[in-house]
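J.: structure for the following, please:
(2 chains)
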Amino acid sequence: MNPNGNTHDPLVERALMGFDLAAEHHLANCQPCQDERERVEEALRLFGAAKREYANRPESFWEQQAQRIRAAGNERARKSSVALMLTPGLAVLLLIGAALLSRVPNSLPSSAIASSPTTAKLDRLSDHELLLEVERAVQSDTPLSLEPAMLMVEENDSGMPLSSSNARKEPHTHEN
Amino acid sequence: METALTPALGAAAQNITAEEFDALVRRHQRRVHRLLLMLLRDPDEADNLTQECFLRAYQSMSGFRGECSLETWLLRIAANLARDHMRSRRTSFWKRLLGLDGDGDDGWAETVPTRQASPEQSLLAREEVRAVWEAANTLSQQQRAVFLLRFVEEMELNEIATVLGLQVGSVKTHLFRALQSVRGKLKDLR
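T.: Modelled structure (predicted):
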C-alpha cells in the first residue's frame, strides 16, 4: 500500500488511463506508486480477460446468429418489396379519390340551384315566357324577390285598415 | 449478385452484396455482441440488438464514409442502440421486476484466468477481479461504458470517443472517475 496514497492517487490513475508524461515521471521515482499501478493493472487485465471469456459463446451460437441476421434481413427485404409493389396501386387509388372529390363540388352548386324555387319556376318557363318575365321585372322597378313586400306597401297606401302592430301604438285611455 | 436482401438496401446495395455482408457479420459479430452484453448485461437483449445493429449497418452502409474503421462504426451503432434501449424505462422496470436485469454473476469466477503461483495468490486474484466487477456495476452508465471499452475491449481513448460520440476530454474524465471508484474497491480488499 502506498503510504502517500491520497496525494499520489491521481498520478497513479492518470498512469492507468494511458501514457501521461507527468505521471510516468512521478512513477519512475516513486516505487510504492509503481507497485500500486502494477497491482491495479494486473487486476484490470484479469477483469478484461474474465469479461471476454464470460461473453464468449460456442461456434454454433455465432453460426445461428449469422443465420438469424440473414433471415431477418430477408424478411425486411420482403416487406420492403411488398411495400414497393403496393405503392403504385395506392398512388392510383389516391388519384381516383382526388378526381372524385374534385367532381363533387362542381355538381353540388348545380343541384342546389336546381332545387331553389325561383330556378324551378324559371326552368318551367319557355324561352318566350322567360323573356316576358324579364321585361316585366325591368319595368316594375322592383326585384322579383321583393314583390310581396311591395304589395304590402301598396295595400297600406291604398287606405287599407292598419295592421294589428299599428293598432297597438294607439294611446290607451282609462276613461272607461 | 442480386439477392433477396438487395432490394431493401436502396443505394447501399450498390456498395455491398449480401455475401459480403454475411462475411462482415461473421467477422464482427463477436465483438458487437460482447459490447452489447457488457453494456446491457442481458444476453437476450444483446442477441436482439446484435441482429438490429447489423441490419441497420446494412441499410445505412452508403452513409459510412470511412472516417473510422468499419468495426468502430459498427460498435458505434451498437452503443447507440444500447443507449436507446437503456432509456426505455418501461423495459427496465419489467426486467427488474422479473429479475431478468443484470448479467447474473453466476459462474464469473470460473472465467478468471489463474496463472498465479499459489492457491492464495489465485484466490486473491479472484477476489480482486470480483471487486473490479462489482465496482464496474456501480458506475454510472457513461463511466461504465468508457471503463469497459478501455479495459475489456482495450480500445484507445480516441476510439472510445468515436464509439460513444463523446469528446476525448469527456472520455478521460469518465475514465478517471471510474478508476477512482475501482481503486477504492480494491483498496477495501487490502
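J.: C-alpha only now, for contacts and for neighbours.
T.: Fine.
J.: quick one, what contacts the closest residue to residue A:48 other than its chain neighbours?
T.: What sits nearest to residue A:48 in space, not counting adjacent residues and going by CA to CA, 6 or more residues apart in numbering or on different chains, is residue B:152, at 4.1 Å. Residues near residue B:152 by CA atoms under 8 Å, 6 or more residues apart in numbering or on different chains: A:45, A:47-49, A:51-52.
J.: select from those residues the one having the most neighbours.
T.: Within those, most neighbours by other CA atoms under 10 Å in any protein chain shown means residue A:47, with 26 neighbours.
J.: can you count the residues close to residue A:85?
T.: Counted with other CA under 10 Å, residue A:85 comes out at 11.
J.: does it belong to a helix or a strand, and which?
T.: helix A:59-115 (DSSP states H and E).
J.: quick one: contacts for whichever residue of chain A sits closest to chain B?
T.: Among all residues of chain A, residue A:48 sits closest to chain B, at 4.1 Å; criterion: CA to the nearest CA. Residue A:48 makes contact with B:148, B:151-153, according to CA under 8 Å, 6+ apart.
J.: check which helices and strands the helix holding residue A:85 sits against.
T.: Packed against helix A:59-115 by the contact rule (3 or more CA pairs under 8 Å, 6 or more residues apart in numbering or on different chains; DSSP states H and E) you find helix B:18-40, helix B:43-59.
J.: quick one: is the first one near chain A?
T.: Yes: on the criterion CA under 8 Å from any CA of the partner chain, helix B:18-40 is in touch with chain A at B:22, B:25-26, B:29-30, B:34, B:37-38.
J.: before we move on, back to that, next, the buried residues of the host helix or strand of the residue of chain A closest to chain B.
T.: Using DSSP H and E, residue A:48 falls within helix A:31-55. Using 16 or more other CA atoms under 10 Å in any protein chain shown as the test for burial, helix A:31-55 gives A:32-34, A:36-37, A:40, A:43-55.
J.: with stretch B:121-130 instead?
T.: B:122, B:124-130.
J.: check the residue nearest to residue A:48 and give its pLDDT.
T.: Residue B:152 is assigned 93 on the pLDDT scale.
J.: same thing with residue A:54?
T.: 87.
J.: go on, residue A:2?
T.: 52.
J.: so the closest residue to chain A within chain B versus residue B:35, what's the distance?
T.: Sorted by distance to chain A under CA to the nearest CA, the residues of chain B start with residue B:152, at 4.1 Å. Residue B:152 is 9 Å from residue B:35, where distance means CA to CA, to the nearest Å.
J.: need the three-state assignment for residue A:19.
T.: Following DSSP: H, G, I helix; E, B strand; the rest coil, we place residue A:19 in the coil state.
J.: give me the phi and psi for it.
T.: phi -70, psi 130 (degrees, to the nearest 10).
J.: count of residues packed around residue B:83?
T.: Counted with other CA under 10 Å, residue B:83 comes out at 17.
J.: next one: residue B:164
T.: 22.
J.: go ahead and confirm it touches residue B:77.
T.: No: in this structure, residue B:164 is not within contact of residue B:77 by CA atoms under 8 Å, at 9.2 Å.
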